[in-house]
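# 3D model of this:
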Amino acid sequence: MKMKYDDKVDAMYIEMAKGVYRRTRKISDAIFVDEDARGKVLGIEILDATKNIAAFDPQKPQFIVQTA
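Numbering: from 1, shown residues only. Below is the predicted model:
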């Protein structure tokens, strides 16, 4: 998994897996999910990241990742 943050537009992209992009699914006005042809999640884009991720500080990137 790779995370990229663009401070010019306050957007974060989380690359979940490699694959051939097929479509983007809109989850909300600020969250978009990129999928392959089988629906596997390739990445997640979060717009207005500092507003939409609780306690996100681009100066101190710390993330809690929960897995099932």
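# which ones are touching residue 42?
By CB atoms under 8 Å, 6 or more residues apart in numbering, the contact set of residue 42 is 15, 16, 17, 18, 19, 21, 34, 35, 36. In short, each C-beta sits where N, CA and C put it, glycine included.
# so which of those is the most crowded?
Neighbour count (other CB atoms under 10 Å) singles out residue 34 as the most crowded of these, with 20 neighbours.
# contact partners of the helix or strand hosting residue 34?
Residue 34 is part of strand 31-35 when elements are defined by DSSP states H and E. In this structure, residues lying in contact with strand 31-35 by CB under 8 Å, 6+ apart are 21-27, 41-47, 52.
# How about stretch 8-25?
By CB under 8 Å, 6+ apart, the residues outside stretch 8-25 that reach it are 1-6, 32-37, 40-51, 53, 56.
# Mind checking which of those land in helices?
Per DSSP state H, helices hold the following members of the contacts of stretch 8-25: 49, 50, 51.
# For these, pick the one with the most neighbours.
The residue in these with the most neighbours, by other CB under 10 Å, is residue 49 (19 neighbours).
# what's the spacing between that residue and residue 2?
Computed with CB to CB, to the nearest Å, the distance linking residue 49 and residue 2 is 15 Å.
# what does residue 14 give?
Counting by CB to CB, the separation of residue 14 from residue 2 is 7 Å.
# low-confidence ranges in this structure?
54-68 (pLDDT under 70).
# Show me where it has its strands.
2-6, 11-15, 23-26, 31-35, 41-46 (DSSP state E).
# buried set for the last one?
It refers to strand 41-46. Within strand 41-46, the residues scored as buried using 16 or more other CB atoms under 10 Å are 42, 43, 44, 45, 46.
# coming back round to it: which one's more surrounded, residue 14 and residue 2?
Shown here are residue 14 and residue 2; by other CB under 10 Å, residue 14 has more neighbours (18 against 8).
# who does that one bridge with?
Under the criterion DSSP bridges, residue 14 forms beta bridges with residue 3, residue 44.
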